[in-house]
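Participant: Turn this into a structure:
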Amino acid sequence: MCSKVQNVCQVKVLSDIASHRLYNQRIAQKKFERPGQTVAWFGAMQAQDYTIAKWTVGLRCCDTTEAIIERAIVNKYNICKPPTP
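Facilitator: Here you go, the predicted model:
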């Protein structure tokens, strides 16, 4: 049986892991100014859904819109379009 102290320590570790992930994935730290910076920092980004791919870029940018992300894709600023079926 786990002690109360062990349970508290486990929760702390899980909380630390979540905090580190949010920080390392650029969600809980300074945002990028442009969509291309986001993709360049990661090296590559992938999603199963095009809308979600745009959302993940926008989540990491400050003061961006879907139109700005679309423009970056069209102009190929370090962002590729999904393959056409």
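Participant: Neighbours of Ala47, how many?
Facilitator: Other residues near Ala47 come to 13 when the count uses other CB atoms under 10 Å. Glycine gets a C-beta too; all of them are placed from N, C-alpha and C.
Participant: So what does it have for phi and psi?
Facilitator: When quoted as degrees, to the nearest 10, the phi and psi of Ala47 stand at phi -150, psi 160.
Participant: do the same with Cys61
Facilitator: Dihedral angles for Cys61 - degrees, to the nearest 10 - are phi -110, psi 150.
Participant: Can you tell me how far it is from Ala53?
Facilitator: Distance of Cys61 to Ala53, computed by CB to CB, to the nearest Å: 13 Å.
Participant: likewise Cys62?
Facilitator: With CB to CB as the criterion, Cys62 and Ala53 are 19 Å apart.
Participant: If you count surrounding residues, which of these two has more?
Facilitator: More crowded of Cys62 and Ala53, by other CB under 10 Å: Ala53, with 20 against 10.
Participant: Quick check: which element contains the more buried one?
Facilitator: helix 50-59 (DSSP states H and E).
Participant: try Ile73
Facilitator: If you go by DSSP H and E, Ile73 is part of helix 66-74.
Participant: circling back: ok, and what's touching the helix holding Ala53?
Facilitator: 27, 35, 38-39, 45-47, 64-66, 69-70, 73, 79, 82 (CB atoms under 8 Å, 6 or more residues apart in numbering).
Participant: can you do 7 Å?
Facilitator: Outside helix 50-59, the residues within contact range by CB atoms under 7 Å, 6 or more residues apart in numbering are 27, 35, 38-39, 45, 47, 64, 66, 69, 82.
Participant: domains for the protein, by residue range?
Facilitator: Following automatic domain parsing, one finds the domains of the chain at 1-29, 31-85.
Participant: Which positions within the helix holding Ala53 qualify as buried?
Facilitator: Within helix 50-59, the residues that count as buried by 16 or more other CB atoms under 10 Å are 53-54, 56-58.
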